[in-house]
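> With the input below, show me the fold.
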Amino acid sequence: MHIACQPSILYFGTPVVLIGTLNEDDTYNLAPMSSAFWLGWRCILGLSAKSKTTQNIVRTGECVLNLPSVREVAAVNRLARTTGSSSVPESKVRKGYRYEPDKFAISGLTPVGSETVGAPRVQECPVQLEAVVEAIHGIAEQNLLLRGNLVNIEVRVQRVHIEERIMMEHEPNQIDPDKWRPLIMSFQQFYGLGSKLAHSTLGEIPESLYRSPDVDHANVQKEETCDVLEFEI
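So this is what the prediction gives:
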């Protein structure tokens, strides 16, 4: 039997993402979030319009999406209820947030330089996606109380870094879901994935049939970067 109810949140479970961005003074900001999903080499991010991460993404037009595994849960937890904004919004003060200028230091995570953007990768995260902004839309714009509070940011991935231990053997461009154990946030609690439950009919489709034109776009950009480097050398 189902019952009609009114949960305050509807966060049914999505992967945790650590978004790396660049502050105005070229220092790094790192923020955990889980309102994200992927379509091809595009990712849709749902963020507070007033957060430091959003401000940095809007200003620079770039970010790195670092995906922690279950191994990094303690580090992710140390970032909870911190903000990179020196002026902490009242709504966050009520939830116990505090200003923290050095997120890498308090989390114990290690920043690594990116190849195509200025924002940082996180060395410990098995998945690191360098991305640029393609579009920004407001959320709930028709509601006077919510207007201006949330944004939907579409980013295009242009460089993918994957830890070798989660790759399929003899498949240099395919991640093994039996090895990848993303950290999942569900109703404000951390979870991991269990083992595979059953054979998937959808899984019979070759991943190559989903290849996006954005992959070729990224390859062209990579070749141009190499040409510039060779010229500079």
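> all contacts plus neighbour counts: C-alpha atoms, from now on.
Fine.
> So for stretch 153-164, what gets flagged as buried?
The neighbour-count check on stretch 153-164 (16 or more other C-alpha atoms under 10 Å) flags 153-159, 162 as buried.
> CSV please, covering those and showing secondary structure, distance to Ser186 and pLDDT.
Below are the buried residues of stretch 153-164 laid out as CSV (DSSP: H, G, I helix; E, B strand; the rest coil; distance: C-alpha to C-alpha, whole Å; pLDDT from 0 to 100):
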residue, secondary structure, distance to Ser186, pLDDT
Ile153, strand, 22, 98
Glu154, strand, 23, 98
Val155, strand, 24, 98
Arg156, strand, 26, 98
Val157, strand, 25, 98
Gln158, strand, 29, 97
Arg159, strand, 28, 97
Ile162, strand, 24, 98
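> Tell me which two of those residues sit farthest apart.
Spatially, the most separated pair among those is Ile153 and Ile162, at 23.2 Å (C-alpha to C-alpha).
> For this protein, give me the ranges with low pLDDT.
225-233 (pLDDT under 70).
> the strands in it, which residues?
In the chain, the segments counted as strands under DSSP state E are 14-15, 17-22, 28-33, 36-39, 42-48, 62-67, 82-83, 98-99, 111-112, 121-122, 127-138, 150-162, 184-186, 189-191.
> Tell me which of the ones you listed sits nearest to Ser8.
Closest among those, using C-alpha to C-alpha: strand 184-186, at 13.4 Å.
> Neighbouring strands - and their directions - for the closest one?
Partner strands and pairing direction for strand 184-186 (DSSP bridges) are strand 14-15 (antiparallel), strand 189-191 (antiparallel).
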